[in-house]
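Asker: compute the structure for the input listed below.
(chains A and B)
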There are 2 protein chains.
Amino acid sequence: MSRFSFNQITAKHWELTDLVKGLVEADVDKVALWREPVQEYGLERSAALVRDAGLSVTTLCRSGFFQLDGWFDDNRRAIDEAAALGTSVLVLVSGGLPEGSKDIAGAREHVADAIAQLVPHAAAAGVTLAIEPLHPMYAADRCVINTWDQAIAIAEQHPAGQVGVTVDTYHLWWDDTVLPKIEQAGERIAIYQLADWITPLPAGVLTGRGLPGDGCIDMRAFHVAVERAGYTGPIEVEVMNEELWQRPGREILADTIAGYQSI
Amino acid sequence: MSRFSFNQITAKHWELTDLVKGLVEADVDKVALWREPVQEYGLERSAALVRDAGLSVTTLCRSGFFQLDGWFDDNRRAIDEAAALGTSVLVLVSGGLPEGSKDIAGAREHVADAIAQLVPHAAAAGVTLAIEPLHPMYAADRCVINTWDQAIAIAEQHPAGQVGVTVDTYHLWWDDTVLPKIEQAGERIAIYQLADWITPLPAGVLTGRGLPGDGCIDMRAFHVAVERAGYTGPIEVEVMNEELWQRPGREILADTIAGYQSI
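Answerer: Residues are numbered from 1 along each chain as shown, chains lettered A, B, ... in the order given. Sure, this is the predicted structure:
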């Protein structure tokens, strides 16, 4: 359990103060936070809340969305928020196609350019930009970076501490080439996240993930690959599931821990 | 319009006899048929119906589903059906994971083995097995072959006339590496199918495709790649869309032709 981190989105409707209390009671000392609930509670108050509870923040989720106007300022703010929360990892969901566009190659080039523009600020703040390749089903509307190869190619244009890659089992499991590449990724792995693949997918395909062990992903194979890469950092469970979200936070946390331990 | 073929699933609820009549009236001389409606109307009757109407059958959709018991016999029957309908192309949807399995690598090996076992019968019948890489969102429950590379690697274990690949824009558009590979595929391209990507995806993600031009796929880029490969065969429009299916067959056909011509 020493590497387990609970990602806040897994219990989306659990108030931040209750979440912190619940984690402490369950002897969990790591949490991944999301920008919206942190902003709602207040950045400085959130930072003090988790610090005073002895929690470390493994990542801040998420910025990116480089197809939107204002991406530069918003991502700089996100970097500052990550630093204020005491985490060194900001997860990037790179955004989909601009409205009406069919130019996915152009959108991908723009992501690489945008990240290059953000690196100086991130480096100064001590924050690693963790590019997350999202499943290809999100290519149009959420993230044009859809494979390990695309993410690593952008990351490698920068020093390893400044730009890394998010390994999320849910997004990468289908790729028959990915495991040996993860093994070779070394310090490029900025964070490791778990969610399982269950079917049928719900409308919108955002909120149908399973707790680790509930789906068809060979989690052990991912674990071996990440270990062989030399990654010793936290392991976040990040599950978005409409049905799970309806349950009390404490139950969700208990089942998340059980799922994590089962694999 | 000389290369246009109307895939029967695009007007799922249009009776076969009405479909044939509608195609003739619209001066369309190519059709792709599906096994279920053909079996319902009768194989020999269907073959006579399309032949007498002067239609050529571009593909039979679809067999495969190699994770199921009985796959060998069922696929041999499908090969015979394709031959009886006078088409030389049988589209293969290779099937998902066996019930309860997490071994996607094993499932992929089984697909390659299964196709090898079917090749003699297909070759004798003059039918090309057209492996269709399906979008990675179908990896668990419909098709473990999810990339161009996987499909071509299996196809290349056999002569080009015996095993080929289905190029379907809907399944491949997200892959940043696919266009130059298609250009190099030459006679491995067994059939070229069009459908567009629209969001949000519906529950189950099967019936949310768009007519060509309605979504975000750069169809022109695909067209150029397929032309450079030297492919001169039919171009099928194959759209599964619940809303479209509710409309009269003649309207669907007219809009499909309009979409095809628009790109």
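Asker: spell out which residues of the stretch 101-250 of chain A are next to chain B.
Answerer: Proximity of the stretch 101-250 of chain A to chain B (CB under 8 Å from any CB of the partner chain) is limited to residues A:101-105, A:108, A:135-137, A:139-141, A:146-147, A:149-150, A:173-177, A:197, A:199-205, A:215-218. Heads up, the C-betas are built off the backbone N, CA and C, glycines and all.
Asker: please, a ChimeraX command that selects the buried ones among those residues?
Answerer: Remark: buried members of those, expressed as a ChimeraX selection using 16 or more other CB atoms under 10 Å in any protein chain shown:
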select /A:102,104,108,135,136,137,139,140,141,146,147,149,150,173,174,175,176,197,199,201,202,205,215,216,217,218
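Asker: among the residues of the stretch 101-250 of chain A next to chain B, which lie within helices?
Answerer: Among these, the ones falling in helices (DSSP state H) are A:Ile104, A:Ala105, A:Arg108, A:Asp149, A:Gln150.
Asker: the second one against B:Asp176, yeah?
Answerer: Yes - here A:Ala105 lies in contact with B:Asp176, judged by CB atoms under 8 Å, at a distance of 7.0 Å.
Asker: in the stretch 1-150 of chain A, which spans are strands?
Answerer: When assigned using DSSP state E, counting those that start in this stretch, the strands of the stretch 1-150 of chain A occupy the ranges A:4-7, A:30-34, A:56-64, A:89-93, A:128-131.
Asker: adjacent strands (with direction) for the second one?
Answerer: Right, the one you point to is strand A:30-34. strand A:4-7 (parallel), strand A:56-64 (parallel) (DSSP bridges).
Asker: can you put those strands in a markdown table and add mean pLDDT?
Answerer: Converted to a markdown table, the strands paired with strand A:30-34 look like this (pLDDT from 0 to 100):
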| stretch | mean pLDDT |
| --- | --- |
| strand A:4-7 | 98 |
| strand A:56-64 | 98 |
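Asker: now these in CSV, with mean neighbour count and distance to B:Thr17?
Answerer: Shown next, in CSV, are the strands paired with strand A:30-34 (neighbours: other CB atoms under 10 Å in any protein chain shown; distance: least, CB to CB, whole Å):
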stretch, mean neighbour count, distance to B:Thr17
strand A:4-7, 25, 56
strand A:56-64, 25, 53
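Asker: redo the ones you listed as JSON lines? Include distance to B:Ile79.
Answerer: Below are these laid out as JSON lines (distance: least, CB to CB, whole Å):
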{"stretch": "strand A:4-7", "distance to B:Ile79": "49"}
{"stretch": "strand A:56-64", "distance to B:Ile79": "48"}
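Asker: closest to A:Val167 out of these?
Answerer: Of all the strands paired with strand A:30-34, strand A:56-64 sits nearest to A:Val167, with 12.0 Å by CB to CB.
Asker: what inclination does that closest one have with respect to strand A:89-93?
Answerer: On the basis of axes from the mean of the first three to the mean of the last three CA atoms, to 10 degrees, strand A:56-64 is oriented at 30 degrees to strand A:89-93.
Asker: that older thread, out of the strands paired with strand A:30-34, which is closest to A:Gln193?
Answerer: By CB to CB (comparing all of the strands paired with strand A:30-34), the closest turns out to be strand A:4-7, at 7.0 Å.
Asker: next one: the closest one to chain centre, how far?
Answerer: For strand A:4-7, the distance from its own C-alpha centre to the chain's C-alpha centre is 11 Å (CA atoms, centre = their mean, to the nearest Å).
Asker: correct me, but A:Thr58 touches A:Leu23?
Answerer: No - in this structure A:Thr58 lies outside contact range of A:Leu23 using CB under 8 Å: 12.0 Å.
Asker: mind listing the shared neighbours of these two?
Answerer: Residues touching both A:Thr58 and A:Leu23 (CB atoms under 8 Å, 6 or more residues apart in numbering or on different chains) are A:Val31.
Asker: circling back: which one of the ones in helices among the residues of the stretch 101-250 of chain A next to chain B is nearest A:Trp14?
Answerer: Closest to A:Trp14, out of all of those and judged by CB to CB, is A:Gln150, at 33.5 Å.
Asker: from B:Trp197, how far out is the closest one?
Answerer: In this view, A:Gln150 and B:Trp197 are 18 Å apart by CB to CB, to the nearest Å.
Asker: mind checking pLDDT for the closest residue to A:Trp173 other than its chain neighbours?
Answerer: Sequence neighbours aside, A:Ile217 is the residue nearest to A:Trp173 in space, at 4.4 Å (criterion: CB to CB, 6 or more residues apart in numbering or on different chains). pLDDT recorded at A:Ile217 is 98.
Asker: what sits against A:Ile217?
Answerer: A:Thr169, A:Tyr170, A:Trp173, A:Asp196, A:Trp197, B:Lys102.
Asker: in strands, which of those fall?
Answerer: Using DSSP state E, A:Asp196, A:Trp197 are the members of the contacts of A:Ile217 that sit in strands.
Asker: give me phi/psi at the residue sitting furthest away from the middle of chain A?
Answerer: Most distant from the centre of chain A: A:Gly100, at 27.5 Å, with distances by CA atoms, centre = their mean. Per-residue torsions, A:Gly100: phi 80, psi 0 (degrees, to the nearest 10).
Asker: for the contacts of A:Ile217, which one is nearest B:Pro248?
Answerer: For the contacts of A:Ile217, the nearest to B:Pro248 is A:Trp197 (38.2 Å; CB to CB).
Asker: which strand residues bridge that closest one?
Answerer: A:Arg209.
Asker: so it is in contact with A:Leu211, correct?
Answerer: No - checked against CB under 8 Å, the pair A:Trp197 and A:Leu211 is beyond contact range at 11.4 Å.
Asker: closest to the centroid, which residue in chain A?
Answerer: Short answer for chain A (CA atoms, centre = their mean): A:Val91, at 5.1 Å.
Asker: identify the bridge partners of that one.
Answerer: Beta-bridge partners, per DSSP bridges, of A:Val91: A:Cys61, A:Ala130.
Asker: which residues touch it?
Answerer: Taking CB under 8 Å, 6+ apart, one finds A:Thr59, A:Leu60, A:Cys61, A:Arg62, A:Ser63, A:Gly64, A:Ala130, A:Glu132, A:Thr166, A:Ile191 in contact with A:Val91.
Asker: let's see it at 6 Å
Answerer: A:Thr59, A:Cys61, A:Arg62, A:Ala130, A:Glu132, A:Thr166 (CB atoms under 6 Å, 6 or more residues apart in numbering or on different chains).
Asker: over to A:Gly106?
Answerer: Applying CB under 6 Å, 6+ apart, no residues contact A:Gly106.
Asker: now it: how far from chain B?
Answerer: 10 Å (CB to the nearest CB, to the nearest Å).
Asker: need the contact partners of stretch A:254-263.
Answerer: For stretch A:254-263, using CB under 6 Å, 6+ apart, the contacting residues are A:Phe4, A:Thr10, A:Leu211, A:Pro212, A:Gly213, A:Met219, A:Val237.
Asker: buried residues, it. List them.
Answerer: For stretch A:254-263, by 16+ other CB under 10 Å, it's A:Asp255, A:Thr256, A:Ile257, A:Gly259, A:Tyr260, A:Ile263.
Asker: mind putting the residues you listed into CSV with secondary structure and pLDDT?
Answerer: What follows is the buried residues of stretch A:254-263, written out as CSV (DSSP: H, G, I helix; E, B strand; the rest coil; pLDDT from 0 to 100):
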residue, secondary structure, pLDDT
A:Asp255, helix, 98
A:Thr256, helix, 98
A:Ile257, helix, 98
A:Gly259, helix, 98
A:Tyr260, helix, 98
A:Ile263, coil, 92
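Asker: which of the residues you listed sits closest to A:Pro37?
Answerer: Scanning the buried residues of stretch A:254-263 for proximity to A:Pro37, where the rule is CB to CB, the winner is A:Thr256, at 17.2 Å.
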